[in-house]
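>>> build me a model from this:
(one chain, ligands or ions: 1)
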Amino acid sequence: MTDRPRRPKQRGPHEPDPAGTTARRAALRLVDAVLRRGDPLDVAMHAAAQGLTGADRAFAVAIASETLRWMVDIDALIDSATAQILPDDVKSRTVLRIALAQLLVLKSPAHAVVATALPLVAGGPRRLVHAILSRAQQDEWRLPDRATLPLPTAERWAEQWSLAMVEAAEAGWSAPPPIDLSFAAEPGPDEWPDAISLAPRHRRLPRGQAVEAMPGYSEGGWWIQDLAASLPARLLGPGEGRAVFDLCAAPGGKTMQLAAAGWQVIAVDSSAKRLGRLSDNIARTGLAADVVQADIRSWAPTAPADAVLLDAPCSATGIFRRHPDVLHRIEPRQIAEMAVLQSELLARAAHWVKPGGVLIYATCSLERAEGEDQVATFLNHHASWCVDPVRADELPAGIAPDASGFVRTLPGLLADVGGLDGFFIARLRAP
Ligand SMILES: C[S@@+](CC[C@H](N)C(=O)[O-])C[C@H]1O[C@@H](n2cnc3c(N)ncnc32)[C@H](O)[C@@H]1O
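Predicted coordinates for the structure are as follows:
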């Protein structure tokens with residue numbers, strides 16, 4: 001620091017923490033779990049949020065999410081204010097990160113931000129933290145218009161796609177995305193007056209609404225599903241009573257679409273917990289599916305189906321807008337591990353399609369290794385299979401298939417109406 005910082009007011013040893021410290025402490029634990037242990041934010045939340053009220057929990061998640069979204073830019077501000085760079089993993093840096101996210105992104109009152117930050121560095125460099133937060137206010141620190149991607153991600157995506165894609169991704173993840181709803185049946189023209197529709201049985205609403213409070217939630221006519229995530233099931237068309245294996249099905253967004261489109265769905269997933277959510281979703285929407293808990297690497301059906309949808313486990317780098325932790329956790333090693341698993345699942349799934357039937361392979365990843373490269377390897381080993389090219393008229397306006405007939409949604413698509421997640425989808429036809 002260049003200016004000599006004022007000494008923060010000392011608190012007595014038995015003084016209670018200021019109001020609001022609990023949520024900030026939970027946010028600190030969340031960010032720490034993501035950055036140190038590589039835990040997904042929603043998994044970390046279950047441990048960090050024990051005993052919190054609903055409001056504290058929501059605030060802790062909002063702080064952690066915005067900290068991770070803006071972390072590169074927040075770190076640059078912190079580093080501009082210290083004579084020596086604070087090590088990346090010291091607690092005081094994490095406390096500063098979450099405090100600055102509150103101040104600069106969530107616009108929390110400065111006095112509350114400072115008062116609740118200092119107890120988090122008890123026994124540590126309170127003066128330094130206090131001084132940097134004072135400096136942020138005095139110098140009216142601002143964040144840039146676009147949140148900078150972590151460097152390894154930016155380099156990887158620039159190499160795979162382009163610099164323009166990286167810029168579009170930064171624009172896309174600078175704010176949480178809008179809310180997309182999928183409907184079992186087309187809603188009436190007067191329903192959802194604040195929403196736009198980008199596809200049949202789709203409505204898009206501005207972000208920030210409480211889902212359970214939205215009309216019709218308990219009646220189950222709709223569910224939350226990003227527009228990109230709704231594309232794989234759309235590409236199977238109407239089911240007319242035919243059978244489909246929905247592999248890696250939980251929590252069931254695609255299961256519900258398929259059931260609503262008249263498919264007889266066999267939904268398979270290895271996670272009991274996630275299948276519990278799928279069953280709740282099916283019950284809430286009044287749709288029907290047979291649910292199987294099994295690992296696809298060891299399970300096999302008794303007979304093949306007309307169609308198979310494999311929504312394979314993946315790095316999930318395509319859903320970075322709503323899960324900003326992803327880009328801080330995922331490294332090339334995990335992408336390579338996921339690609340090995342996907343190859344295995346895809347090869348097994350291919351055995352379960354009737355002759356002439358269709359296999360949809362999808363991942364919510366922006367990595368070619370989990371999309372284009374995966375399907376190229378599959379076709380190399382399954383010469384009698386072919387690509388069933390997706391036609392432009394099967395997709396919402398503004399989304400076109402690529403030259404190979406695959407769907408690749410990249411950041412920047414539909415950006416003027418809120419964008420969409422990054423997905424890869426291939427439709428393959430059995431011999
Ligand atoms: C991308 S998510 C599926 C999302 C889901 N299709 C939807 O639309 O709601 C991937 C799923 O794969 C499941 N999974 C991962 N490995 C699996 C395996 N070996 N066998 C079966 N399911 C698996 C996970 O439990 C997870 O629910």
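>>> bridged to the residue of the stretch 51-200 of the chain found nearest the ligand, which residues?
In the stretch 51-200 of the chain, no residue comes nearer to the ligand than residue 182, which is 10.1 Å away by Cβ to the nearest ligand atom. The way it works is simple: take the backbone N, C-alpha and C, and place the C-beta from them, glycine included. For residue 182, the beta-bridge partners are residue 202, residue 223 (DSSP bridges).
>>> quick one: pLDDT of it?
pLDDT for residue 182: 97.
>>> residues near it, how many?
Using other Cβ atoms under 10 Å, residue 182 has 25 neighbouring residues.
>>> what's the answer for residue 417, then?
Counted with other Cβ under 10 Å, the neighbours of residue 417 add up to 13.
>>> what's near enough to touch it?
196, 198, 204 (Cβ atoms under 8 Å, 6 or more residues apart in numbering).
>>> any low-confidence regions in the protein?
In the predicted model, the chain carries pLDDT under 70 at residues 1-14.
>>> just to be sure, residue 340 is in a strand?
No: counting by DSSP: H, G, I helix; E, B strand; the rest coil, residue 340 falls outside a strand, being helix.
>>> could you give the backbone dihedrals for residue 358?
Main-chain torsions, residue 358, degrees, to the nearest 10: phi -120, psi 140.
>>> find the residue closest to it in space, skipping its chain neighbours.
Distances taken as Cβ to Cβ, 6 or more residues apart in numbering put residue 307 closest to residue 358, at 4.8 Å, once the chain neighbours are dropped.
>>> show me what that neighbour is bridged to.
Beta-bridge partners of residue 307, counted by DSSP bridges, are residue 244, residue 358.
>>> what separation is there between it and residue 360?
Residue 307 sits 7 Å away from residue 360, going by Cβ to Cβ, to the nearest Å.
>>> shared neighbours, those two?
Residues touching both residue 307 and residue 360 by Cβ under 8 Å, 6+ apart: residue 236.
>>> please name the nearest non-neighbouring residue to the residue of the stretch 101-250 of the chain found nearest the ligand.
As assessed by Cβ to the nearest ligand atom, the ligand sits closest to residue 248 within the stretch 101-250 of the chain, at 3.2 Å. Nearest non-adjacent residue to residue 248, counting by Cβ to Cβ, 6+ apart: residue 311, 5.0 Å away.
>>> now do residue 160
residue 368 is the one closest to residue 160 (Cβ to Cβ, 6+ apart), at 5.4 Å.
>>> number of residues surrounding that neighbour?
Residue 368: 18 neighbours (other Cβ under 10 Å).
>>> for it, give me phi and psi.
Backbone torsions for residue 368, taken as degrees, to the nearest 10, come to phi -60, psi -30.
>>> distance of it relative to the ligand?
Going from residue 368 to the ligand by Cβ to the nearest ligand atom, to the nearest Å gives 18 Å.
>>> so the closest residue to residue 87 other than its chain neighbours: helix, strand or coil?
In space, and not counting its chain neighbours, residue 87 is closest to residue 93: 7.1 Å by Cβ to Cβ, 6+ apart. Following three-state DSSP, we place residue 93 in the helix state.
>>> ok, residue 93 touching residue 86?
Yes: between residue 93 and residue 86 there is a contact at 4.7 Å, judged by Cβ atoms under 8 Å.
>>> which neighbours do these two have in common?
Common neighbours of residue 93 and residue 86 (Cβ under 8 Å, 6+ apart) are residue 78.
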